[in-house]
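Q: any chance you could fold what I've pasted below:
(chains A and B)
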Amino acid sequence: MIHRIRGVKDVLPDDISLWYTAEQAAHRLAQSYGFKEIRTPMFEDTSLFVRSIGGETDIVEKEMYTFPDRDGTSLTLRPEGTASVVRAFIENRLLNTPTSRKLYYIGPMFRHERPQAGRFRQFHQFGVESIGSPSPMIDIEVISLLWRFFSSLQIDGLALEVNSLGVSTERQQFKDALLGFLVPISANLCGNCQRRMHSNTLRVLDCKVPSCRTATAEVPTLSSFLSSSSSDHFQQVLEGLDLLNIPYVLNHRLVRGLDYYSRTTFEVTCHSLGAQNAIGAGGRYDGLLETLGGRPSPGVGFAIGLERVISVLPESVILPPTPLVYVAGFGQNGQQSGMCVLEALRANGIMADTDFQSSTLKTHLRSADRLGATLTIILGDDECQNGQAILRNMSSKQQEFLPIDAVPDTLKTRLSS
RNA sequence: GUGGGUGUAGCUCAAGGGUAGAGCGCUGGUCUGUGGCUCCAGAGGUUGCGGGUUCAAAACCCGUCACUCACCCCA
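A: This is a model prediction of the structure:
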């Protein structure tokens, strides 16, 4: 038997309503904030990701699905969405199109990591990108959308953390200072931190090992390295969040793994998720467009992991299935008549089905029950004779007669009410 | 890439050297024009795979693969 690839999942019919629920919420919320959907290819020129995400990051160093095209060009399955959207934004000159500066996407991403709870090699993200404005109002708008998405799905146990990483020069100064602080005390750090203090200095800040926490308790804070303009920007973001009653926690140790982030960064975690508890995260990326050859334009966005959302979705928000009408046509004429009624129902947009294996009323009703039908049309030879079909309510067992011709119209009005 | 846990019926799991089982699900009957419930019957297994120890292995040993959780990192 050929098995599915490690780290990927089949979404089976029983679970698809979870996905509809999350995806519909994403479309509805993003559009209500004025974002337009964009669909970019799932693979790109490898250099797009190397340049945007950063060559030193784990994603680029060891997690990308990269392969040569037939002409030798190096292609990569997208590990995240921002790079592709920004590329498309530049390439299609969307800066000149006022309606296309706020974009959202939903789709699969690919990273070659060891799978674990909440982490897959093909996973799905809902993300937004707002490009072209440096205003802190945009940061607030994006964070608001992020937060409202989770609230609309009634997901509990969430925490929003925010921080400012400053612009790249500020961050570099901080990084140098941090390294200067860490080197003398490196003996007190865990093995991981001793290694990454050189490769990924900022990461040491959010190490969970208690001894590292105490060793770095007196570390210089990033905020003291911010210029007044970065600092003002951040203050305005925080004030905006207060104004909109979005609860957040300041976390000076919050860092992000991708090189392109600048200034505002944020992350939403959910403590019912397990070790991989980040459910959504994002930030500003003011230098990214320039890096990718576009006109310098600021941007801010987020990405939400849909598998993680779905795993904590409360029962109460899952979209109910569309009511199903079962057609039980049996006997010489009933079978044919049933076929016509079934066709007519479907032509009227009503979800209708039957089981052609069933040949008696009993087996039909059992099939109707198994398929979860809410209504059943009973059409035997007697009913054909009278021109009256029986409409049976499957939960109340109540039955009534309906002229066969009137079945589609009657059900149409009844199911819509 | 590293470490732990687990692989037995479609699913959830028993059997810890001596004939491979239960519950749920599935098929049929009870019930030839009224589903779910009851009762009865039936189908379904190379115990992940390969090797070893033994008179005898699902069980013990070695290898391998898969799943899973955690580290790293991230949504």
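Q: identify the residues contacting whichever residue of the stretch 251-400 of chain A sits closest to RNA strand B.
A: Closest approach between the stretch 251-400 of chain A and RNA strand B, counting by Cβ to the nearest atom of the strand: residue A:257, at 1.4 Å. Heads up, the C-betas are built off the backbone N, CA and C, glycines and all. If a contact means Cβ atoms under 8 Å, 6 or more residues apart in numbering, then residue A:257 has A:57-59, A:203 as its contacts.
Q: if you set the cut-off to 10 Å instead, what comes out?
A: Contacts for residue A:257 were tallied using Cβ atoms under 10 Å, 6 or more residues apart in numbering; they are A:53-54, A:57-59, A:80, A:200, A:202-203, A:281.
Q: where do the helices of the stretch 101-250 of chain A begin and end?
A: A:136-152, A:168-185, A:191-199, A:210-215, A:228-243 (DSSP state H, counting those that start in this stretch).
Q: most packed of the ones you listed?
A: helix A:136-152 (a mean of 21; mean count of other Cβ atoms under 10 Å).
Q: does stretch A:309-317 reach RNA strand B?
A: No - Stretch A:309-317 lies out of reach of RNA strand B by Cβ under 7 Å from any atom of the strand, never closer than 8.1 Å.
Q: equivalent analysis for stretch A:280-289, please.
A: Yes - Stretch A:280-289 comes into contact with RNA strand B (Cβ under 7 Å from any atom of the strand), by way of A:280-281.
Q: just to revisit the earlier point, how about the residue of the stretch 251-400 of chain A closest to RNA strand B, phi and psi?
A: Taking degrees, to the nearest 10, you get phi -80, psi -10 for the backbone angles of residue A:257.
Q: next, work out how far apart it and residue A:98 are.
A: 32 Å (Cβ to Cβ, to the nearest Å).
Q: next: residue A:192.
A: Counting by Cβ to Cβ - residue A:192 and residue A:98 are separated by 47 Å.
Q: just residue A:388 next, same as before
A: 60 Å.
Q: of the two, who's got more company?
A: residue A:388 (16 against 9; other Cβ atoms under 10 Å).
Q: among the contacts of residue A:257, name the ones in helices.
A: A:53, A:58 (DSSP state H).
Q: from the contacts of residue A:257, which has minimum pLDDT?
A: Among the contacts of residue A:257, residue A:200 has the lowest pLDDT, at 77.
Q: pretty sure that residue is touching residue A:258, no?
A: No - the criterion here is Cβ atoms under 10 Å, and residue A:200 misses it with residue A:258 at 11.6 Å.
Q: joint contacts of those two?
A: Here residue A:200 and residue A:258 have residue A:57 as joint contacts, going by Cβ under 10 Å, 6+ apart.
Q: ok, which of the helices of the stretch 101-250 of chain A comes nearest RNA strand B?
A: The closest of the helices of the stretch 101-250 of chain A to RNA strand B is helix A:191-199. By Cβ to the nearest atom of the strand, the value is 4.6 Å.
Q: just want the angle from the closest one to helix A:168-185.
A: If you take axes from the mean of the first three to the mean of the last three Cα atoms, to 10 degrees, helix A:191-199 sits at 140 degrees to helix A:168-185.
Q: for helix A:191-199, what is the average pLDDT?
A: 77.
Q: repeat that for stretch A:81-101.
A: If you average the pLDDT over stretch A:81-101, you get 94.
Q: and that stretch, which residues are buried?
A: Of the residues in stretch A:81-101, those buried by neighbour count under the rule 16 or more other Cβ atoms under 10 Å are A:81-90, A:94-95, A:100-101.
Q: end-to-end on it?
A: End-to-end distance of stretch A:81-101 (Cα to Cα, to the nearest Å): 15 Å.
Q: and what of stretch A:62-79?
A: Stretch A:62-79: ends 11 Å apart by Cα to Cα.
Q: and for stretch A:272-279?
A: End-to-end distance (Cα to Cα), stretch A:272-279: 11 Å.
Q: what of stretch A:108-127?
A: With Cα to Cα applied, stretch A:108-127 spans 11 Å between its terminal residues.
Q: pLDDT averaged over it, what's the number?
A: Over the span of stretch A:108-127, the pLDDT mean works out to 95.
Q: hmm, residue A:197 is touching residue A:184, no?
A: No - if you go by Cβ under 10 Å, residue A:197 and residue A:184 don't touch, sitting 11.4 Å apart.
Q: with distance to RNA strand B added, can I get the helices of the stretch 101-250 of chain A in TSV?
A: What follows is those, written out as TSV (distance: least, Cβ to the nearest atom of the strand, whole Å):
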stretch	distance to RNA strand B
helix A:136-152	10
helix A:168-185	14
helix A:191-199	5
helix A:210-215	9
helix A:228-243	19
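Q: give me the secondary structure label for the residue lying closest to residue A:324 once chain neighbours are set aside.
A: The spatial neighbour of residue A:324 that comes closest, neighbours along the chain excluded (Cβ to Cβ, 6 or more residues apart in numbering), is residue A:373 at 4.7 Å. On the three-state scheme (DSSP: H, G, I helix; E, B strand; the rest coil), residue A:373 is labelled coil.
Q: so who does residue A:404 touch?
A: Residues in contact with residue A:404 (Cβ under 10 Å, 6+ apart) are A:337-338, A:340-341, A:344, A:377, A:379, A:383-384, A:386-389.
Q: domain parsing for chain A?
A: Following automatic domain parsing, chain A resolves into domains at A:13-167+A:227-317, A:325-416.
Q: residue ranges for the strands of the stretch 201-350 of chain A, please.
A: Taking DSSP state E, counting those that start in this stretch as the test, the strands found in the stretch 201-350 of chain A are A:249-250, A:262-270, A:278-284, A:299-305, A:325-329.
Q: which one of the ones you listed is the most hemmed in?
A: Greatest average neighbour count among the strands of the stretch 201-350 of chain A goes to strand A:325-329 (a mean of 27), per mean count of other Cβ under 10 Å.
Q: that strand - contacts with which helices or strands?
A: With contacts defined as 3 or more Cβ pairs under 10 Å, 6 or more residues apart in numbering; DSSP states H and E, the packing partners of strand A:325-329 are helix A:332-347, strand A:352-353, helix A:361-370, strand A:375-379, helix A:381-386, strand A:388-393, helix A:407-416.
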